[in-house]
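J.: Take a look and give me a structure for this.
(2 chains)
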There are 2 protein chains.
Amino acid sequence: MTTWSSYLEKEQDRFLDELVDFLRIPSISALPHHTADVERAAQWVAERLGQAGAQHVQVFPTGGHPVVYGDWLHAGPDAPTALIYGHFDVQPVDPLELWSAPPFEPTVRDGRIYARGASDDKGNMFAPILALEALLATTGRLPINVKFLFEGQEEIGSPQLPDFVAQHRELLAADVAFSADGGQFSETEPLLLLGLRGLCGLEITVTGPSRDLHSGIYGGTVRNPIHALAQLIASFHTPEGRVAVEGFYDSVVELTPEEREALAQVPFDEKAFYREIGVAEPFGEPGYTVLERRWIRPTLDANGIWGGFTQDGIKTVLPSQAHAKITCRLVPDQDPETILERLSEHIQRHLPAGVRVRVDALGGRARPYRIPLDHPGNRAAGAVLAELYGREPYPVRSGGTIPVTGILLDQVGLYTVSFGFALPDENIHSPDEFFRLASFRRGQEAYARLFQALPHFL
Amino acid sequence: MTTWSSYLEKEQDRFLDELVDFLRIPSISALPHHTADVERAAQWVAERLGQAGAQHVQVFPTGGHPVVYGDWLHAGPDAPTALIYGHFDVQPVDPLELWSAPPFEPTVRDGRIYARGASDDKGNMFAPILALEALLATTGRLPINVKFLFEGQEEIGSPQLPDFVAQHRELLAADVAFSADGGQFSETEPLLLLGLRGLCGLEITVTGPSRDLHSGIYGGTVRNPIHALAQLIASFHTPEGRVAVEGFYDSVVELTPEEREALAQVPFDEKAFYREIGVAEPFGEPGYTVLERRWIRPTLDANGIWGGFTQDGIKTVLPSQAHAKITCRLVPDQDPETILERLSEHIQRHLPAGVRVRVDALGGRARPYRIPLDHPGNRAAGAVLAELYGREPYPVRSGGTIPVTGILLDQVGLYTVSFGFALPDENIHSPDEFFRLASFRRGQEAYARLFQALPHFL
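T.: Have a look, this model is predicted:
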């Protein structure tokens, strides 16, 4: 009789061919002209989930991009239920000229598969589907009930997911969730993710004169909206790098000395970190280490700014408007709505005279997230990782944001354990994204072990 | 026998048709893909100048856009020589959506012709050509020698004109220059222009990390170049509106109390000025009136700013670079090169740590310009204007810049008298630019009278 492990081994070539098919679909959620591609990726996932043995497979419309659901619920009413999460949408590919090969024509080189979405998140989210297939094909059953929730708009902040989850509480009910949208510390070191930062953002539009003006005829007599916007942006931080928005830190939970001590144990090569991004010297909030600034401290960043004449050459215009997009990464217990209010108040209070301002909240806000180290899901994941890697995982946090974690906790009281196999160098959101074939294989093995181990922890 | 005046009257419909042809050419000097259109406009001007009776008509290449020259030199060696200046290039048209009709499909409504370049400067520069034609067609001669110098890159700061003038000193030798790139105070009030501001500019590029970064993974640990650029721009002014660049005002000549008193006599409706541009309250350098801020005080304005993600929606990028274009309007005796040095020093001194900066001077610098009220050219122009309008002209200045004025003074010791018929409400550099047909007609009449009056003043 074939074991699930030898089944995985035997089918690896087919699985890789299938992953290539999946990666060929340019499911870029941010770009409206790829809407049909995101839909096509949803259909691909639904079909593949059914082939693996999942039941009740369904593609749900959401008002935005679709959600795919499927389950296998034959472990009995006393067995625990796990909800597996992943996403089949991908980031845009610009700047396209920096890719070594076309982003949607996957290429395998040196044990890696290169394509947009290879690591984030198609290669990762495919693994638990294959684990399900291997277990059902060889043992005919799982010791747990499992539900799959795959979405098509993680990369744009999961705007319709809160409503979808609220409307399908019963369908999604489970004991714990595992997210295949995540990674490990290195090829030889596993991690347990204890926190993610939240997100909120707004767009600022500063208007001075009602039309673009000749800077000779009018220059010197009116407030230039670019200058006013620059003053606003400069007012967001102290010269030392702390956010200067009134009330911004009010709800931030300070870590205990013990917690900070535990963070300090995580290996971190500061010099290599800055070398890799071409920055000569660290900069950030005084009083915190670089890792703390990334993981446990909130931020405010301008993501974009524009106004006036931006082409080659010279045009002596005094522009009517200037614009900026601002987002904040939030930490427990900052609330996205409250922070947006504090930001708006700050902007009104610091607006220079002579211009008007409009503030529009951006979509895609997310609560900061944390999960206890000793949560049963973490204990189960930790045990599987320790077996696979031969060492205990590091307890870490991430500065990034995965909206589903806060949504499941808010809407259905469900903690999400990060259980993915991406690695930090895989160029996610950048040109030449890749995924290691060894990680693809390890993800399948890890999910098969996790499904079997879970009854011992829940 | 037809008089030149009745000739102008009779040919007005044809002249308007020709102006429409001229305005159809999208001769935008700032945009490289319109280079051939600027060349086409030069050919149009050269041909029309020849038809009017000018000789030695020639289109000169300059390394940038071309210059058109032509002359009529049969008044004899003792007669004075006037050099007539204008430009056939136009400003870009964006924002295109704010135009009521396409900018290069001229439309006549309510005694106005609407098109990009109608007022600045095609309608104005065409007038002296028509005056030449009318005089030669009816009297067969002029009492003065006249030379025409039309350029194709005034709107980008005449970058090649200094070299062209230096290389053609003899060709351009004259007793006085008149610029058809100018205007009058109102439909019923003429002016004499005694000063123009100069110009210099630079582009700032602030670089932080060597590539765009994920704002979650890196946010809080590196200086955001948009923030650094905002701090730089905020550092250029005091909160009250005075330029804070060290040494910026060093060479500024303060006006005497008598000169300021004379300026204060020029009618100026401050409320209407601000109402027309939709600005609620004046802003500018403390201690000076609004007119003084426009005419005799230097300025520093950001004309454009850009960096990071500027499309619809949200992209949580921490950008590698941010950019701004900055120009200064200069007053006597500020020197463009010196001011660029002061700006660069200021930028280096105020650059926040953790980013690098590059400063590139923009083309198109110009010296500030002034001409005595009692210059013979001003006396001639003033006499013609007083006849035409039935009142003496106001002695004024302008906040704008016309590089040729400083270039002719520097290179060939020639003063330029402003003698154009634009009016302040004609939306130059903005959507729906127009020119009054009455001003087009008045310009022709004015130049014909000027050509005849000049021998009495020189």
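
J.: gap between the helix or strand that A:Thr405 is a member of and the chain center?
T.: Assigned by DSSP states H and E, A:Thr405 belongs to helix A:403-412. Taking CA atoms, centre = their mean, to the nearest Å, one finds helix A:403-412 lying 14 Å from the centre of the chain it belongs to.

J.: ok, now stretch A:166-184?
T.: Relative to the centre of its chain, stretch A:166-184 is centred 15 Å away, using CA atoms, centre = their mean.

J.: That stretch: which residues count as buried?
T.: By neighbour count on 16 or more other CB atoms under 10 Å in any protein chain shown, the buried set for stretch A:166-184 is A:168, A:171-172, A:174-184. C-beta coordinates here come from the backbone N, C-alpha and C atoms, glycine included.

J.: Likewise for stretch A:94-111?
T.: Applying a neighbour-count criterion of 16+ other CB under 10 Å, one finds A:Trp99, A:Pro103, A:Phe104, A:Pro106 buried in stretch A:94-111.

J.: Kindly indicate which of those lies nearest A:Val38.
T.: Closest approach between these and A:Val38, by CB to CB: A:Phe104, at 13.1 Å.

J.: OK, now which residue of the stretch 1-150 of chain A is nearest to chain B?
T.: Closest to chain B within the stretch 1-150 of chain A is A:Ala30: 6.2 Å, counting by CB to the nearest CB.

J.: who's in contact with the residue of the stretch 351-458 of chain A found nearest chain B?
T.: Per CB to the nearest CB, the residue of the stretch 351-458 of chain A with the smallest distance to chain B is A:Gly400, at 3.3 Å. Contact analysis of A:Gly400 by CB atoms under 8 Å, 6 or more residues apart in numbering or on different chains lists A:Leu196, A:Arg197, B:His214, B:Gly216, B:Ile217.

J.: Run through who's touching the helix holding A:Thr405.
T.: Identification of contacts with helix A:403-412 by CB under 8 Å, 6+ apart yields A:83, A:85, A:149, A:151, A:154, A:157-158, A:161-162, A:165-166, A:169, A:172-174, A:177, A:179, A:181, A:196, A:198-199, A:364, A:366-369, A:371, A:414-416.

J.: C-terminal to it, what's the next element?
T.: Using DSSP H and E, the helix or strand that follows helix A:403-412 towards the C-terminus is strand A:416-418.

J.: Could you list every helix and strand that that next one packs against?
T.: strand A:176-179, strand A:191-196, helix A:376-389, helix A:403-412 (3 or more CB pairs under 8 Å, 6 or more residues apart in numbering or on different chains; DSSP states H and E).

J.: any idea of the mean pLDDT in it?
T.: Strand A:416-418 shows a mean pLDDT of 98 in the predicted model.

J.: ok, residues contacting that strand?
T.: Contact with strand A:416-418 is made by A:85, A:176-179, A:181-182, A:192-193, A:369, A:371, A:375, A:377-378, A:380-381, A:402, A:404-405, A:408-409, as judged by CB under 8 Å, 6+ apart.

J.: ok, whatever helix or strand comes next after that strand: who's next to it in the sheet?
T.: Where DSSP H and E defines the elements, the next helix or strand beyond strand A:416-418 is strand A:434-436. With DSSP bridges as the test, strand A:434-436 is paired with strand A:112-114 (antiparallel).

J.: Contacts made by the partner strand with the rest, please.
T.: Strand A:112-114 is contacted by residues A:16, A:19-20, A:23, A:100-101, A:106-108, A:123, A:432-437, A:440 when judged by CB under 8 Å, 6+ apart.

J.: are any of these buried, and which?
T.: Applying 16+ other CB under 10 Å to those, the neighbour count classes A:16, A:19-20, A:23, A:106, A:123, A:432-437, A:440 as buried.

J.: Spell out the residue ranges of the strands in the stretch 151-300 of chain A.
T.: A:176-179, A:191-196, A:198-207, A:213-214, A:299-308 (DSSP state E, counting those that start in this stretch).

J.: comparing these, which gets the lowest mean pLDDT score?
T.: In terms of average pLDDT, strand A:213-214 trails the rest of those, at a mean of 89.

J.: Partner strands of that one, with direction?
T.: Note on strand A:213-214: by DSSP bridges, its sheet partners are strand A:317-318 (antiparallel).

J.: next one: the partner strand to chain centre, how far?
T.: The answer for strand A:317-318 is 40 Å, by CA atoms, centre = their mean.
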